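Please work out how this folds:
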Amino acid sequence: MKTVLGSRRHHYVARLSIFLIAVALVLGMVGCGGGGGVEYDLTIDSTAGGSVTTPGEGTFTYNEGTVVNLVAEADEGYQFINWTDDVGTLADVNAAATTITMSADYSIVANFQIMAMVAAGMAHTVGLKDDGTVVAVGENDEGQCDVVGWGRVTQVTAGHAHTVGLERDSTVVAIGYNDDKRCEVGGWTGISQVAAGAAHTVGLKDDGTVVAVGSNDAGQCLVGTWTGITQVAAGLYHTVGLKTDGTVVAVGDNSYGQGDVGGWIGITQVTAGDAHTVGLKTDGTVIAVGWNDDGQCDVSGWTSITQVAAGWKHTVGLKTDGTVVAVGLNGNGQCDVDTWMGISQVATGRAHTVGLKSNGTVVAVGNNLSGQCNVGGWDLN
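Numbers count the residues shown, from 1 in each chain. Modelled structure (predicted):
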């Protein structure tokens with residue numbers, strides 16, 4: 001009898017021990033974060049000029065050890081700079097697309113900055129600094145270079161004798177010749193991009209519609225019915241709009257066929273010269289229509305282009321490697337860009353070409369009678 005009871009007691013004790021060991025193991029796993037037992041909060045925010053699209057902004061809860069994908073996207077006219085605050089487990093603090101590994105509660109911030117840029121008018125050049133201030137050189141007979149007081153600008157554009165700036169709050173400022181009301185942009189709101197023609201100004205709204213003021217002699221301001229527009233460009237007497245589906249529309253003077261863009265597809269950027277229109281395609285090639293007496297539309301052989309700009313009678317293309325190509329009238333040396341390197345953006349005036357370098361300095365060639373090429377001392381970063 002004692003033997004039977006002892007055996008039963010032994011088996012009971014053994015089973016109890018196994019149970020207690022299993023409980024201890026489970027509790028140990030929970031304590032170490034296994035099975036999702038430990039959770040941490042990730043709070044995400046951004047500065048002005050962009051947002052975090054993946055996973056979004058706010059506070060999110062994840063299990064310990066989770067690798068979270070982060071994607072920050074800059075608004076028009078801004079660029080991503082870095083991530084700050086609790087970045088100890090970030091894969092790359094300088095990459096807009098990166099990951100963070102959850103091992104504590106974290107707060108991180110995506111930082112954006114105004115993107116420096118240059119613009120060129122008929123005889124003046126404008127530079128936007130990354131702090132939102134603006135500089136200008138060249139002809140100033142109409143006050144088109146009087147931009148010293150501007151300080152909240154995210155994009156600039158230049159017409160023949162006026163300068164336009166898009167401000168951080170999506171309003172617009174303009175200065176210069178105004179007899180035809182090309183600078184009457186004070187009431188504009190919700191603007192995401194601006195373009196200046198010879199005597200008119202165009203604004204792209206956040207909802208994809210377009211507004212325009214100034215000379216309308218050729219119908220270049222008749223953009224009121226446009227919808228689904230992602231970018232606008234303005235020439236001498238015509239206006240061009242790039243649509244979300246990669247097609248292009250145009251209004252205004254078409255004497256040289258500069259408005260014959262109805263068959264264009266797969267376009268990612270448009271630019272307008274005095275009487276020609278240029279489109280950058282998704283594959284890095286370029287197409288052009290319009291006035292071509294000086295070969296300004298001879299761009300069919302270009303490849304690996306990332307940006308295009310059109311002047312009076314010349315066209316410039318920025319290549320993926322930071323070099324620049326140009327065709328068209330070269331009477332003032334405005335196409336002498338073969339030696340340029342490290343360029344991040346180009347702009348064209350009537351007879352001069354400007355290049356912004358990746359280090360923030362600026363170069364220029366072409367007509368300099370009004371000092372529009374005197375940009376050697378600029379540092380826009």
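
from here on, contacts and neighbour counts on C-alpha atoms
OK.

Show me the helices in the stretch 1-150 of the chain, by range?
Assigned by DSSP state H, counting those that start in this stretch, the stretch 1-150 of the chain shows helices spanning 2-31.

low pLDDT regions in this structure?
Per-residue confidence for the chain (pLDDT under 70) gives these ranges: 1-36.

looking at this, G284 is in a helix?
No: residue state for G284 (DSSP: H, G, I helix; E, B strand; the rest coil) corresponds to coil; a helix is not indicated.

Mind listing what's buried along stretch 183-193?
Under the neighbour-count criterion of 16 or more other Cα atoms under 10 Å, stretch 183-193 has 183-185, 191-193 buried.

Please list the members of those residues that lie in helices.
Among the buried residues of stretch 183-193, no member falls in helices (DSSP state H).

Domain parsing of this protein, as residue ranges.
37-113, 115-366 (automatic domain parsing).

And the longest one, how far out from the chain middle?
Read that as domain 115-366. Once both centres are worked out by Cα atoms, centre = their mean, to the nearest Å, domain 115-366 turns out to sit 14 Å from its chain's centre.

Can you give me the end-to-end span of it?
End-to-end distance for domain 115-366: 25 Å, by Cα to Cα, to the nearest Å.

show me what contacts D298?
D298 sits next to 288, 292, 327-328 when contact means Cα atoms under 8 Å, 6 or more residues apart in numbering.

Which of the residues you listed has the largest number of neighbours?
A288 (24 neighbours; other Cα atoms under 10 Å).

right, and that one touches G279 too?
Yes: if you go by Cα atoms under 8 Å, A288 and G279 touch, sitting 6.2 Å apart.

Just put the buried residues of stretch 183-193 in CSV and tack on distance to D141.
Below are the buried residues of stretch 183-193 laid out as CSV (distance: Cα to Cα, whole Å):
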residue, distance to D141
C183, 15
E184, 19
V185, 21
I191, 28
S192, 29
Q193, 26
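
which one among the contacts of D298 gets closest to S170?
When the contacts of D298 are ranked by distance to S170 (Cα to Cα), A288 comes first, at 30.9 Å.

Could you report the distance from that closest one to I343?
A288 is 23 Å from I343, by Cα to Cα.

And A199, by the same measure?
In terms of Cα to Cα, A199 sits 29 Å off from I343.

Let me know the distance separating V185 from A195.
Relative to A195, and taking Cα to Cα, V185 is found at 12 Å.

Run a quick neighbour tally on G263.
For G263, using other Cα under 10 Å, the count is 8.

How many residues are close by the closest residue in space to it that isn't next to it in sequence?
Leaving out its chain neighbours, the residue that sits closest to G263 by Cα to Cα, 6 or more residues apart in numbering is T247, at 7.6 Å. T247 has 17 neighbours, counted by other Cα under 10 Å.

Contact partners for T247?
Contacts of T247 by Cα under 8 Å, 6+ apart are 262-267.

so G295 makes contact with N330?
No: counting by Cα under 8 Å, N330 is not a contact partner of G295; they are 10.3 Å apart.

okay, the two: which has more neighbours?
Remark: of G295 and N330, N330 carries more neighbours, 17 against 14, as counted by other Cα under 10 Å.

any idea how far T66 is from V93?
In terms of Cα to Cα, T66 sits 18 Å off from V93.

of these two, who's got more company?
V93 (18 against 15).

Just give the closest residue to that one, not the sequence neighbours.
That would be W83: by Cα to Cα, 6+ apart, it lies 5.0 Å from V93.

What is the burial count for the one you found?
22.

Can you name the residues bridging to it?
A110 (DSSP bridges).

Surely it is in contact with I108?
Yes: between W83 and I108 there is a contact at 6.6 Å, judged by Cα under 8 Å.

Ranking by neighbours, what's the top pick from the contacts of T247?
I267 (23 neighbours).

residues contacting it?
Here I267 is in contact with 242, 246-248, 279-282 (Cα under 8 Å, 6+ apart).

hey, what's it bridged with?
K281.

Comparing the domains of the chain, which comes out most buried?
Among those, the stretch with the highest mean neighbour count (mean count of other Cα atoms under 10 Å) is domain 115-366, at a mean of 21.

What separation do you get for V173 and G37?
56 Å.

just checking, A110 touches N82?
Yes: counting by Cα under 8 Å, N82 is a contact partner of A110 at 6.1 Å.

Residues touching stretch 358-367, excluding its own?
By Cα under 8 Å, 6+ apart, stretch 358-367 touches 116, 332-337, 342-344, 351-357, 373-381.

Kindly report the same for stretch 320-340.
294-299, 304-306, 313-319, 341-344, 351-353, 365-367.

what sits against the residue nearest to V93?
93-94, 108-111.

Report the beta-bridge partners for A310.
T315.

Pull up the gap between it and G328, please.
Applying Cα to Cα to A310 and G328 gives a distance of 10 Å.

go on, V109?
Taken as Cα to Cα, the span from V109 to G328 is 47 Å.

got it, and I44?
50 Å.

could you pull out the strands for the stretch 251-381 of the chain?
Under the criterion DSSP state E, counting those that start in this stretch, the stretch 251-381 of the chain contains strands at 267-272, 276-281, 286-290, 305-310, 314-319, 324-328, 343-348, 352-357, 362-366.

Let me have the ones you listed in JSON lines, extended by distance to V87.
Shown next, in JSON lines, are the strands of the stretch 251-381 of the chain (distance: least, Cα to Cα, whole Å):
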{"stretch": "strand 267-272", "distance to V87": "35"}
{"stretch": "strand 276-281", "distance to V87": "38"}
{"stretch": "strand 286-290", "distance to V87": "42"}
{"stretch": "strand 305-310", "distance to V87": "33"}
{"stretch": "strand 314-319", "distance to V87": "35"}
{"stretch": "strand 324-328", "distance to V87": "38"}
{"stretch": "strand 343-348", "distance to V87": "29"}
{"stretch": "strand 352-357", "distance to V87": "30"}
{"stretch": "strand 362-366", "distance to V87": "34"}
